[in-house]
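Enquirer: just the structure for this:
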Amino acid sequence: MIKILFICHGNICRSPMAEFILKDMVKKRGISGDFIIASCATSREEIGNPVHHGARKKLMEHGISVDGKRAVQLTKEDYNRYDYLLAMDSRNISNMMRMLGKDPGKKIYRLLDFTARPGDIADPWYTGDFDETYRDICEGCEGFLEQVLSVHGDTPGGANKMQ
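Expert: Now for the predicted structure:
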């Protein structure tokens, strides 16, 4: 079982988009039973709130539902609970390191670092551009999934870290 946690600032736009996009990707490949996929926030600002209407609308355009998802905050225990902690941007990583202390297991990455164009995913809360965010997250999730499957095989079954 491979456990993935997506992280952004508020857990209402980018990280839930990534959570549900990757869930959809593994479901379509018939390997969803090999994954636990979730998302959370580094801040407390949106805790308990539903996914932002812009993110929800963009995902629904692609037949992806986020019903029932509410913002939750990253905890220190999440580090041991998940195999991969995938941040949306460098600021998220700084906040994660402040909250978690360190990354001895080399579990923390930016999502776009699994693409040919590593970098930050723009926050649509500020840009208003959910199309660009959706494209970036899809590209990052595809790159990440390709990497995971190359390390673990087409049906992962167990989690070993990418090195």
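
Enquirer: pull the CA atoms of the lowest-mean-pLDDT helix or strand in the chain into CSV?
Expert: The weakest-scoring helix or strand in the chain, judged by mean pLDDT, DSSP states H and E, is helix 124-127 (a mean of 94). The C-alpha trace of helix 124-127 is given here as CSV (Å, rounded to 0.1, in the frame of the first residue of the first chain):
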residue,chain,number,x,y,z
PRO,A,124,-5.8,29.7,-7.9
TRP,A,125,-7.1,31.4,-4.7
TYR,A,126,-4.9,34.3,-5.8
THR,A,127,-4.7,33.9,-9.6
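
Enquirer: surely Arg44 is in contact with Val72?
Expert: No - Arg44 is beyond contact range of Val72, at 10.1 Å (criterion: C-beta atoms under 8 Å). Using the backbone N, CA and C atoms, a C-beta is placed for each residue, glycine as well.

Enquirer: neighbour-wise, which of those two wins?
Expert: Between Arg44 and Val72, Val72 has the larger neighbour count (other C-beta atoms under 10 Å), namely 16 against 10.

Enquirer: can you pull out the strands in the protein?
Expert: 2-8, 35-41, 84-87, 108-110 (DSSP state E).

Enquirer: now tabulate those strands in TSV and tack on distance to Leu145.
Expert: Compiled in TSV, the strands of the chain are given as follows (distance: least, C-beta to C-beta, whole Å):
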stretch	distance to Leu145
strand 2-8	10
strand 35-41	9
strand 84-87	11
strand 108-110	13
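
Enquirer: dump those strands to JSON lines, plus mean neighbour count and distance to Glu139.
Expert: Shown next, in JSON lines, are those (neighbours: other C-beta atoms under 10 Å; distance: least, C-beta to C-beta, whole Å):
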{"stretch": "strand 2-8", "mean neighbour count": "25", "distance to Glu139": "14"}
{"stretch": "strand 35-41", "mean neighbour count": "22", "distance to Glu139": "17"}
{"stretch": "strand 84-87", "mean neighbour count": "26", "distance to Glu139": "13"}
{"stretch": "strand 108-110", "mean neighbour count": "19", "distance to Glu139": "12"}
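
Enquirer: so which of those is nearest Val66?
Expert: strand 35-41 (9.9 Å; C-beta to C-beta).

Enquirer: what's the burial count for Ser65?
Expert: Counted with other C-beta under 10 Å, Ser65 comes out at 12.
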